[in-house]
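# Got a predicted model here, sequence first, then my questions.
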Amino acid sequence: MTIRSALVCLFLGLIASACGSGTSGPLSAADFGNKYKLSANDVPGWTPTVASTDDPSPFNIYNGSDELVGRLDGGDIYSVNGCRVSMYQDMTGPSQAICTVVAMDFVTTANAITMFTYQQQNGYSLSIPGYDASTALGSSTLGGINAVAHFGASYFEVQLSGFADATSAGTAAKPFLDVFKSKTN
């Protein structure tokens with residue numbers, strides 16, 4: 001992305017956030033988490049993983065920069081780029097496949113694009129089927145992929161493991177991103 005493109009994205013994002021935000025303001029942290037949490041079979045074959053009987057909630061919400069930095073691996077980079085609240089959820093899939101999904105509210109489209117561009121500049125280059133490289137990309141991991149995407153002011157990560165290779169994991173990431181995209185629109 002050129003500097004000119006980044007400035008255009010920033011300018012358009014500021015206009016969109018000023019004109020399209022309505023009077024309701026941003027969602028509360030709980031409402032954001034509830035909006036993006038996944039239910040059983042939102043993605044066919046995948047179900048939320050409940051960590052323990054002590055904590056039956058299938059997702060966690062972090063908000064505020066202190067909480068993001070203190071609890072999330074690399075939380076400072078998200079906070080610096082404008083993340084206001086994040087929702088983390090573990091999912092169990094077919095065979096031994098597992099997934100952690102992350103939905104983050106970056107308040108403006110420009111901030112979400114900045115976070116995505118940061119990941120792109122730091123090794124995310126694998127195509128996600130059905131998505132343009134300006135919207136979603138992946139980075140291979142051992143037996144999986146970390147996929148990132150942005151839709152509006154929201155930024156998403158889909159961390160998949162338990163696959164034969166990054167290509168099959170990238171294909172599995174697409175329906176997760178499809179669900180998040182539909183929840184964003």
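Looks like it arrived, so ask away. Every value quoted in this text rests on a predicted model; they were computed, and no experiment measured them.

# Surely Tyr155 and Phe116 touch.
Yes - at 6.3 Å, Tyr155 and Phe116 qualify as touching, with contact defined as Cβ atoms under 8 Å. C-beta coordinates here come from the backbone N, C-alpha and C atoms, glycine included.

# Just name the shakiest helix or strand of the chain by mean pLDDT.
Counting by mean pLDDT, DSSP states H and E, the chain has its least confident helix or strand at helix 3-20, which shows a mean of 37.

# shared neighbours, Tyr155 and Phe116?
Taking Cβ atoms under 8 Å, 6 or more residues apart in numbering as the criterion, Tyr155 and Phe116 both touch 148-149.

# So which of these two has more stuff around it?
A side-by-side neighbour count of Tyr155 and Phe116, using other Cβ atoms under 10 Å, places Tyr155 first with 27 against 23.

# ok now do that one, which residues does it touch?
Contact partners of Tyr155, counting by Cβ under 8 Å, 6+ apart, are 83, 103-104, 106, 112, 115-116, 148-149.

# mind checking pLDDT for Thr109?
Model confidence at Thr109, given as pLDDT, is 97.

# The one 5 residues further on now?
We have a pLDDT of 96 for Thr114.
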